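Undergrad: Return a 3D structure for these sequence lines:
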Amino acid sequence: MSPALETVLAKAGLQVTPDEFLTLVADAAKRLAPPSPEPAGYFNLDEQEALTDVGLDLSPHGPADDQSRARTVVAHAVLRDSAVTVAEAAQQLRVDTSRIRHRLAMGRLVGWKDRGSWRLPAWQFAGAGVLPGLEAVLAAVPDDQPALVVAGFMTTEQADLLVDGVPTTPREWLLAGGDPRRVTALAAQLGTPA
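TA: A predicted model of the protein is given here:
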């Protein structure tokens with residue numbers, strides 16, 4: 001396998017071999033790939049006309065769309081690889097596994113089921129605890145937002161969150177002692193058209 005890929009994985013702190021990473025990417029691509037790359041193929045002619053009348057583009061996807069899909073597949077694979085199990089989260093937080101499951105059920109931690117077991121994204125943990133303000137932020141996230149969207153938001157610089165005049169991620173903002181209300185206001189807008 002490519003030494004360059006091994007180096008990238010090591011620098012990213014991903015505890016996975018290049019072969020395992022490529023398997024994760026292939027698995028994510030299968031799950032995220034649409035059965036038909038032609039959006040118009042999902043609709044009859046009347047539906048197509050109605051949708052184009054309101055401004056939707058139903059043209060076939062192009063090379064630029066492939067880049068976006070590739071970024072999503074890689075982000076999904078990294079999110080999945082860096083996630084922890086219920087047992088690992090319980091050990092990190094020094095609580096029983098039942099407390100982790102309870103927090104998941106109450107929306108106080110975010111996770112998803114993968115092959116029958118819970119996976120919890122690592123971004124929400126800090127040392128032996130959870131990210132400061134996490135509960136308020138998760139309560140503000142609209143219910144229809146998947147873990148990948150929430151992870152992307154929490155780990156992407158936001159122009160509204162400045163630390164020493166530099167845009168920072170919501171996670172870094174909270175770790176630096178920033179007001180969680182600033183993050184909750186942004187999180188509440190996830191999925192809302194700009």
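
Undergrad: And residue 135, how far from residue 184?
TA: Distance, residue 135 to residue 184, using C-beta to C-beta, to the nearest Å: 10 Å. For glycine as for every other residue, the C-beta is placed from the backbone atoms N, C-alpha and C.

Undergrad: Counting residues, name the longest strand you see in the chain.
TA: Longest strand in the chain, counting residues (DSSP state E): strand 158-163.

Undergrad: Identify the residues contacting the helix or strand hosting residue 102?
TA: Per DSSP states H and E: residue 102 is located in helix 97-106. Residues outside helix 97-106 that contact it (C-beta atoms under 8 Å, 6 or more residues apart in numbering): 86, 87, 89, 90, 93, 109, 110, 111, 118, 120.

Undergrad: any idea which of the residues you listed is closest to residue 7?
TA: The nearest member of those to residue 7, counting by C-beta to C-beta, is residue 120 at 27.4 Å.

Undergrad: Give me the most central residue, this protein.
TA: For the chain, the residue nearest the mean C-alpha position is residue 148 (2.0 Å; C-alpha atoms, centre = their mean).

Undergrad: unless I'm mixing things up, it is touching residue 79, no?
TA: Yes - using C-beta atoms under 8 Å, residue 148 is in contact with residue 79, at 5.8 Å.

Undergrad: which residues in the protein form strands?
TA: Secondary structure of the chain by DSSP E: the strands cover 84-85, 112-114, 117-120, 125-126, 129-130, 158-163, 166-168.

Undergrad: Go through those and find the least confident stretch.
TA: Mean pLDDT values for these show the minimum at strand 112-114, a mean of 87.

Undergrad: Can you list the buried residues in it?
TA: Under the neighbour-count criterion of 16 or more other C-beta atoms under 10 Å, strand 112-114 has residue 112 buried.

Undergrad: Show me what it is in contact with.
TA: The contact list for strand 112-114, computed with C-beta under 8 Å, 6+ apart, reads 80, 83, 118, 119, 146, 147.

Undergrad: Spit out the contact partners of the fifth one.
TA: Each residue near residue 146 by C-beta under 8 Å, 6+ apart is listed here: residue 112.

Undergrad: ditto for the last one
TA: With contacts defined as C-beta under 8 Å, 6+ apart, residue 147 is in contact with 79, 110, 111, 112, 121.

Undergrad: so the first one touches residue 111, yeah?
TA: No - counting by C-beta under 8 Å, residue 79 sits too far from residue 111 to count as a contact (11.0 Å).

Undergrad: overlap in contacts of these two?
TA: Joint contacts of residue 79 and residue 111 (C-beta under 8 Å, 6+ apart) are 121, 147.
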